[in-house]
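Undergrad: I would like the atomic coordinates for the input below:
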Amino acid sequence: MGERGSLQEATCSLSFFRVFLPTTTQHRSGDGIDNTMERTSSPGLARTISDQLLETVAAAFKSANTSGEAVGQPSGAGSASAENGGTLSRKSSRRLIPASPGRGSMSRNAHIRKSRSAQFNKLDLDEVSSSAALSRASSASLGFSFSFTGFSMPPEEIAASKPFSDDDDIPEDLEAGTQRPKFQAEPTLPIYLKFTDVTYKVILKGMKAKQEKDILNGITGSVNPGEVLALMGPSGSGKTTLLNLLGGRLMKPTVGGSITYNDQPYSKFLKSRIGFVTQDDVLFPHLTVKETLTYAALLRLPKSLKREEKEKRAMDVIYELGLERCQDTMIGGSFVRGVSGGERKRVCIGNEILINPSLLFLDEPTSGLDSTTALRIVQMLQDIAEVGKTVVTTVHQPSSRLFHKFDKLILLGKGSLLYFGKASEVMIYFSSIGCSPLIAMNPAEFLLDLANGNVNDVSVPSELEDRVQMENAETQTRNGKPSPTDVHEYLVEAYETRVAENEKKKLMAPLPLDEVLKSKVASPKRNWGASWWQQFCILFCRGIKERRHEYFSWLRVTQVLSTAIILGLLWWRSDSNSAKGLQDQAGLLFFIAVFWGFFPVFTAIFTFPQERAMLSKERAADMYRLSAYFLARTTSDLPLDLILPVLFLVVVYFMAGLTLDAGSIFLSLLTVFLCIVAAQGLGLAIGATLMDMKKATTLASVTVMTFMLAGGYFVKKVPVFVSWIRYISFNYHTYKLLIKIQYKHRLSSVNGMTIDNGLKEVTALVIMVFGYRLLAYISLRRMKPPSAA
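TA: All right, here's what the predicted structure looks like:
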C-alpha cells in the first residue's frame with residue numbers, strides 16, 4: 001500500500017508538471033526517465049519545480065516496476081495512468097488558464113512550494129483522473145484568482161454560466177442568521193417611469209452678477225415595473241439630483257424636460273405611491289426597530305386598515321427584511337449604541353416598503369457597507385422589483401457581483417448621459433465605440449474611469465487619437481493620451497449619434513395600460529393614512545418615547561437637584577419679617593424666575609434644527625399634517641417638563657422657608673410652569689426661524705440676557721425709550737407673580753411693586769405662550785426643503 005501511495009503522489013506530481021510546464025519533453029528509457037525542458041517563461045520557477053518533480057517521479061517509477069514484477073502486473077500501467085491523468089488535466093487547464101489574469105505572477109517563495117506539495121499529497125488516484133478536481137487543486141496551489149472580465153463574454157454566456165454565486169442559492173440572511181422569506185407579491189399599481197431631455201440648472205450668486213450652472217444636460221431614459229435601474233457616475237455627476245427630480249423631491253422653475261408616470265405628470269397622489277430612501281439614514285436614535293416601523297405603519301398605511309392590521313404589516317416587514325433578531329434594539333446614533341449599518345439601512349428601506357410602493361427610489365443604499373451587506377441590500381431590491389415594483393437607485397462604485405444584478409443602467413458624466421440601456425450590454429456598447437479594458441477589471445471600475453476621462457488601461461479609439469493629434473499636443477494631451485475633456489466629449493457624441501435617437505423612439509411606444517390606471521396617477525387628492533386626531537396621538541406618543549431618555553438623563557436630574565440644594569443651603573430658613581431678609585428672599589425669587597426662563601430656552605432652540613431632516617423627509621412623504629406634528633411636538637414636552645420643576649421647588653421651598661400654605665405652593669408651581677412654557681415658545685420660535693444651531697444659540701443668549709436685565713430686580717428706574725422691553729420679558733412677569741404670591745397677605749408693596757391679584761402678569765405670560773408658538777409655526781410653514789446635492 002505504501003508503494004501504491006508513492007505511485008499516486010508521483011502520478012499527481014507528473015500531472016501538475018505536464019499542465020503548468022507544457023514546454024517540457026519526456027523520453028522513457030529503460031527503468032529511468034530522461035527529461036529535457038525548454039524554459040521559456042519563468043526559468044527560475046521551472047528549474048526548481050522540475051528538479052523536485054524529476055526526483056519524485058524517478059523514485060516512484062522504480063517502486064512501481066518493483067511492485068509490478070512482484071504481483072505480475074506490467075510496469076507500464078502506472079505510466080499509462082499518469083499519461084491519462086496528465087492528458088485530462090492539460091485539457092482542463094487549457095480551458096481555465098486563459099481566464100486568469102495572474103498567470104505570469106506566480107510566487108517563488110519556498111513556503112508556497114511546500115504548501116503546494118502538501119496539497120498534492122492529499123489527492124488520491126481517483127481525483128487525479130478527474131480533470132475538474134485536478135484543475136481546482138492546481139489553481140489553488142498556485143494562488144490563482146479567476147476574476148470575471150465583463151468584456152470577454154457575451155451576455156448570453158454570462159447568464160448561462162452564472163460565474164458568481166447567486167444569493168438565491170444562499171437563502172440565509174448573513175447578518176440575522178435566519179432564513180429570510182421572499183417579499184409578498186402584493187397587488188400594486190404598476191407605474192412606468194419615463195423621462196426625456198431632463199435638464200436642471202442652479203443659479204450661483206456671485207459678488208457682481210448671477211451665474212447659471214448646468215447640473216443635468218438632456219437625460220433620457222425609462223424603467224418599467226419589475227426592473228431595477230441603476231444611476232452610476234463619479235461624484236458630482238448629478239446622480240442624486242436626477243434621483244430627486246424623478247422622485248418629485250425637487251420642484252423648481254429651472255427644471256426642464258419631461259418626466260411622466262404612466263404618461264401622466266407628477267401629482268400629489270404619487271406621494272403615497274412612491275418610497276424614497278435618502279442617502280443619510282434619518283431615524284430617531286432612541287426608538288427601537290419595531291417602534292420605528294410600527295409608528296411609520298400607523299401614520300402611512302391607509303385609513304381602511306385597523307390598528308392591529310397596521311401593526312401586523314410592520315411585523316411582516318421586519319421578518320421580510322430579516323430584522324427580527326434586532327427588533328427590540330434601539331436604532332442608535334452618534335452617542336447611542338444601536339443596530340449595525342446594514343440593519344439601519346434595511347430599517348430605512350422598511351419604512352418605505354411598508355406602504356407597498358409602486359416606485360422605490362434609493363440614494364446610494366450601499367455606501368459605507370461591506371461587500372457582503374451591500375450584496376444583501378441589492379439582492380433585496382431585486383426581490384422587491386420581482387413582485388412588480390419599479391426600483392431606481394444610485395450607486396457609486398459597486399462590486400462586480402452587484403453590477404450584474406441591475407437590469408438597466410444610466411451612466412452619467414459631468415451631468416451628461418454617456419449610456420442608457422441594459423446593464424448586461426454596456427460592455428458590448430463601449431467595445432463597439434472602441435473603448436475596451438486592456439486588463440481584467442470590474443466593469444463598474446471601467447465605466448467610472450471612462451466617466452472621469454481616465455483612459456489608462458483602456459484602449460483608445462482611433463477617432464479620438466486622430467482628434468488629439470490634430471490639436472495642440474502641449475495643451476490638449478497628457479502623457480500622450482487624450483485629456484479628460486476630450487474623452488468626455490467623445491463619449492457624449494458617440495452616445496448621441498448611435499443610441500440616443502433609438503432610445504427616444506422606444507419611449508414613444510404606447511404603454512400596456514388602460515385609461516383607468518393612467519387616470520389614477522393624475523389624481524390631485526392627497527391620501528392621508530390617519531385622521532388629524534390620530535396623527536396627533538401617534539406623534540405625541542412617539543415624541544414622549546423618543547425624548548424620555550433625554551429628560552430623565554442623570555446629567556439633567558443632577559443639574560436641577562444640585563442647583564436646588566445649593567439654593568436651599570444659601571437661603572436656609574430665610575426670614576422675611578426683616579427688611580434684609582425680605583430683600584434676600586426677593587433675590588431668591590428672581591433667581592428662580594431667571595433659572596426657569598434660561599433653562600427651557602436653550603433646550604427648545606435645538607428642537608426643530610435637530611429634527612429638520614426628519615421633518616423634511618416625513619413631510620415629503622405626506623406622513624402627517626404640519627399642524628398635527630407641531631402641536632404634538634410642543635405638547636409632548638409638557639408632561640416631562642413638569643417633573644423636574646416640581647422636584648426643584650419642593651427642595652427649595654422648604655429649605656428656604658418660603659410661605660408654607662397649599663395655595664402659595666400651588667400658585668408658585670403654576671407660575672413657574674407658565675414661565676417654562678413661555679420660554680419654550682421663545683426657544684422654538686428662534687430655532688424655527690433661523691434653523692441654524694450656532695445662530696440660534698447666539699440670538700437666544702442675547703435675548704435672555706436682555707430679558708434678565710430688564711426683569712425689574714437690577715434696575716428699578718428704566719429709561720422710557722427702552723422700558724417696553726420689560727413687558728415682553730417673561731422673567732419680569734414671573735418675578736412679579738412670585739413676589740405677589742409670597743407676600744399678598746402681609747405686605748401692600750415690595751421694592752416699589754404694588755401687590756395685587758396678578759391678572760396682568762398672567763395674561764402677559766399666556767399671550768407669550770401662544771404668540772411665540774404661532775411665530776414658530778409660521779416659520780416652519782415657510783421652511784424650504786434642503787436642495788438636492
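Undergrad: quick check: closest non-adjacent residue to Asp370.
TA: Gly342 (7.9 Å; CB to CB, 6 or more residues apart in numbering). Where C-beta positions appear, they are placed from N, C-alpha and C, glycine not excepted.
Undergrad: okay, Asp584: pLDDT?
TA: Note on Asp584: pLDDT of 88.
Undergrad: just the buried residues of the strand or helix carrying it, please?
TA: For Asp584, the host element (DSSP states H and E) is helix 579-604. The neighbour-count check on helix 579-604 (16 or more other CB atoms under 10 Å) flags 582, 584-586, 588-601, 603-604 as buried.
Undergrad: what's the answer for stretch 508-524, then?
TA: Those buried within stretch 508-524 under the rule 16+ other CB under 10 Å are 513, 517-518, 520-521.
Undergrad: so which elements touch the following helix or strand past the helix holding Asp584?
TA: Using DSSP H and E, the next helix or strand after helix 579-604 towards the C-terminus is helix 607-610. For helix 607-610, the elements it packs on are helix 662-690, helix 693-709, judged by 3 or more CB pairs under 8 Å, 6 or more residues apart in numbering; DSSP states H and E.
Undergrad: how about the strands in the stretch 151-300 of the chain?
TA: Counting by DSSP state E, counting those that start in this stretch, the stretch 151-300 of the chain has strands at residues 193-205, 210-223, 228-232, 255-261, 274-277.
Undergrad: may I have the fourth one exported as PDB, CA atoms only?
TA: Presented in PDB, the C-alpha positions along strand 255-261 are these (Å, rounded to 0.1, in the frame of the first residue of the first chain):
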ATOM      1  CA  VAL A 255     -36.100  72.100 -14.300                       C
ATOM      2  CA  GLY A 256     -36.600  71.300 -18.000                       C
ATOM      3  CA  GLY A 257     -37.700  68.300 -20.000                       C
ATOM      4  CA  SER A 258     -40.500  65.800 -19.400                       C
ATOM      5  CA  ILE A 259     -41.000  63.300 -16.500                       C
ATOM      6  CA  THR A 260     -44.100  61.100 -16.700                       C
ATOM      7  CA  TYR A 261     -45.600  58.400 -14.600                       C
END
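Undergrad: mind checking the pLDDT average for that strand?
TA: 92.
Undergrad: ok, residues contacting it?
TA: 191-200, 218-219, 245-246, 265-266, 270, 359, 521 (CB atoms under 8 Å, 6 or more residues apart in numbering).
Undergrad: could you list the low-confidence segments of this protein?
TA: 1-186, 207, 471-480, 785-789 (pLDDT under 70).
Undergrad: which stretches of the stretch 301-450 of the chain form strands?
TA: In the stretch 301-450 of the chain, the segments counted as strands under DSSP E, counting those that start in this stretch are 359-363, 390-394, 408-413, 416-422.
Undergrad: ok, which of these comes nearest Ser627?
TA: Judged by CB to CB, the one of these that comes nearest to Ser627 is strand 359-363, at 27.6 Å.
Undergrad: tell me which strands that closest one pairs with, and in which orientation.
TA: Sheet partners assigned to strand 359-363 using DSSP bridges are listed as strand 274-277 (parallel), strand 390-394 (parallel).
Undergrad: output those strands as JSON lines; include the columns mean neighbour count.
TA: Shown next, in JSON lines, are those (neighbours: other CB atoms under 10 Å):
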{"stretch": "strand 274-277", "mean neighbour count": "25"}
{"stretch": "strand 390-394", "mean neighbour count": "25"}
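Undergrad: what's the closest of those to Ala662?
TA: strand 274-277 (55.7 Å).
Undergrad: roughly how far does Asn356 sit from Asp363?
TA: 21 Å (CB to CB, to the nearest Å).
Undergrad: residue boundaries of the helices in the stretch 201-350 of the chain?
TA: Secondary structure of the stretch 201-350 of the chain (DSSP state H, counting those that start in this stretch): helices located at 239-246, 289-300, 307-320, 341-353.
Undergrad: now those in TSV, with mean neighbour count and distance to Ala209?
TA: Rendered in TSV, the data for the helices of the stretch 201-350 of the chain read as follows (neighbours: other CB atoms under 10 Å; distance: least, CB to CB, whole Å):
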stretch	mean neighbour count	distance to Ala209
helix 239-246	24	24
helix 289-300	23	45
helix 307-320	17	51
helix 341-353	22	41
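Undergrad: if anything else comes up later, I'll come back, but that's it for now.
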